[in-house]
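In: the sequence and its predicted three-dimensional model are supplied below.
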Amino acid sequence: MADTTTETRLSSALRTAARSRLCRAAAVLLLVVGGTAGWWLSSDRGAAYPRGQVGFATGVPGGVYDRYGQLLRGQVARVMPGVQLKLDNSQGSLDNLERVTTGQDDFAIATADAVASFNGTGKPQLRAMARLYDDYLQLVVPADSPVKRTADLRGKRVGVGQAKSGVNLVTRRLLGAAGLDPDKDVRPAPLGIGDSAEQLSQGKLDAFFWSGGLPTAALTNLSDRMRIRIVPLGELAESLHLIEGGGVDAYRAATIPADAYPHSEPAGTAVATVAVPNLLVTRADVDPALVQGITRAVIDSRDNIGNQVHAAQLVDLRTAVYTDPLPLHEGARRYYISIKP
């Protein structure tokens, strides 16, 4: 009987000691986790950025800016809790720059040539966060069109982009480089990509210009509905630099790969054209912590977004900092410094 009582007391003591050790271990674990959480929240990946809704100007529905913005909004929501990107459609680059400088939006995408030519009163406040991908200039006609080069557009009904778009800016320069007066020698239609594609399919336009990443969904969809051809523009690349405002090395000769639009004609043919880089822009007075976080989200999301917007695959850390003609925002500069080996 005594032995049984002793065993019972010993078993109870062992259980009590075990519980005590478990409690101490749990307390230590909580301290470790708490300390780690504190480190995470205080790091540059953490939560030290302003919360709330911030405006992001994209572009016309169906364009690459629009789709890129939709995908980036999801990425920001995942990696920056409490920040919501409010996407605002616009006419394009010049409209975006105006929206940022007036405070309607805090972030936008714009082409380098549009930035160089922008004359808004808030231009000195503009800053860049990253060089993204290049836009390719594309002159689209029906496959059986007699238009073989830009000069053949004389007298034709031509979609030239909306008034505040980067498309309109570069289209006017391209027409001038080809010896055409954009107001007199063609019948201009100030339309976005969606309306231009629709009117071409209905025979209401003879041609339209577009400046966008490759491939542009609206053109892919158009090529599925009708036979189209992309007219070469490469011969005008050098001439663009001779036109007033066309400098700052914004333009370069480029090639549209043969597989960009598989259903365009002639099939399997690459097209010489002109490209211009896109910049992610903001204002100097936007909080550096917010800018640093958004810049990180843009760079880190390259592969995920690139699966759906192929142009985004070209975002590259080696070239992202080359944002001429804009200086880097302080928040973006901090990000690039933080990832140096």
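Out: Received, thanks.
In: straight-line length of stretch 107-122, end to end?
Out: Distance between the two ends of stretch 107-122: 14 Å, counting by CA to CA, to the nearest Å.
In: please begin residue numbering at 807 from this point
Out: Fine by me, first position is 807 from now on; the one you just mentioned is stretch 913-928.
In: state the number of residues packed around R979.
Out: Neighbours of R979 under the rule other CB atoms under 10 Å: 25. From N, CA and C alone the C-beta is placed, and that goes for glycine too.
In: thought it was touching L1046?
Out: Yes: between R979 and L1046 there is a contact under CB atoms under 8 Å: 5.6 Å.
In: and for stretch 1116-1136, what's in contact with it?
Out: Outside stretch 1116-1136, the residues within contact range by CB atoms under 8 Å, 6 or more residues apart in numbering are 870, 874, 877, 918, 921-922, 932-940, 1018-1021, 1054-1055, 1085, 1087-1088, 1090, 1092, 1094, 1097, 1104-1105, 1107-1109, 1111-1112, 1142, 1145.
In: chain center to that stretch: distance?
Out: Here the centre of stretch 1116-1136 is set off from its chain's centre by 10 Å, with CA atoms, centre = their mean, to the nearest Å.
In: got the buried residues for stretch 1069-1079?
Out: Buried positions in stretch 1069-1079, judged by neighbour count with 16 or more other CB atoms under 10 Å: 1070, 1077, 1079.
In: which element is the last one on?
Out: It refers to T1079. Using DSSP states H and E, T1079 falls within strand 1077-1089.
In: what's that strand packed up against?
Out: Applying 3 or more CB pairs under 8 Å, 6 or more residues apart in numbering; DSSP states H and E, one finds that strand 1077-1089 makes contact with helix 899-907, strand 913-917, helix 918-923, strand 932-948, helix 972-983, strand 1034-1037, strand 1058-1062, helix 1094-1106.
In: turn these into a markdown table, columns for distance to D1001 and mean pLDDT.
Out: Shown next, in a markdown table, are the helices and strands packed on strand 1077-1089 (distance: least, CB to CB, whole Å; pLDDT from 0 to 100):
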| stretch | distance to D1001 | mean pLDDT |
| --- | --- | --- |
| helix 899-907 | 16 | 97 |
| strand 913-917 | 20 | 97 |
| helix 918-923 | 20 | 93 |
| strand 932-948 | 13 | 96 |
| helix 972-983 | 12 | 95 |
| strand 1034-1037 | 16 | 97 |
| strand 1058-1062 | 22 | 93 |
| helix 1094-1106 | 29 | 96 |
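In: any chance of a markdown table for the ones you listed, columns distance to K962?
Out: Compiled in a markdown table, the helices and strands packed on strand 1077-1089 are given as follows (distance: least, CB to CB, whole Å):
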| stretch | distance to K962 |
| --- | --- |
| helix 899-907 | 24 |
| strand 913-917 | 25 |
| helix 918-923 | 24 |
| strand 932-948 | 9 |
| helix 972-983 | 11 |
| strand 1034-1037 | 12 |
| strand 1058-1062 | 21 |
| helix 1094-1106 | 39 |
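In: of those, which is nearest R955?
Out: strand 1034-1037 (6.5 Å; CB to CB).
In: ok now that closest one, how far from the chain's centre?
Out: Offset of strand 1034-1037 from its chain centre (CA atoms, centre = their mean): 25 Å.
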